[in-house]
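**Student:** turn this into a model:
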Amino acid sequence: MDEKRITAGEMRDRLIEKATVDDVFRARLMADPKAAIEAETGVTVPSEFTIEVHEDTADTSHLILPPSADLGEADLEQVAGGFSWADVGWR
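**Tutor:** Got it, this is the predicted structure:
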């Protein structure tokens, strides 16, 4: 079976896209990001990994910076890891 691998950024973009058109999903994502992501994708988020969801408003915008360039090889490997859509069910 040919698996399509995606990056964390691509998964983030898909979640944002869904939250933009699905108000119920958006509310779940805001209230409990890990549970919403796990339910939507089937990907288990490690307990030690923190996910914060911030919503822009008319007078507030959030600028998200990438991790510091001081990351070691193991850190870079974790950040660069991909997800399999075959495991997630999105294609």
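**Student:** if I look at the closest residue to residue 51 other than its chain neighbours, how far off is residue 69?
**Tutor:** Take residue 51 and drop its neighbours on the chain: the residue closest to it by CB to CB, 6 or more residues apart in numbering is residue 33, 4.1 Å away. The C-beta positions use only the backbone N, C-alpha and C, and glycine is treated the same way. Note on residue 33: its distance to residue 69, by CB to CB, to the nearest Å, is 26 Å.
**Student:** which one's more surrounded, the two?
**Tutor:** Neighbour totals were compared for residue 33 and residue 69, and residue 33 leads with 16 against 6 (other CB atoms under 10 Å).
**Student:** can I assume residue 11 sits in a strand?
**Tutor:** No - counting by DSSP: H, G, I helix; E, B strand; the rest coil, residue 11 falls outside a strand, being helix.
**Student:** just checking, it touches residue 40?
**Tutor:** No - the criterion here is CB atoms under 8 Å, and residue 11 misses it with residue 40 at 9.8 Å.
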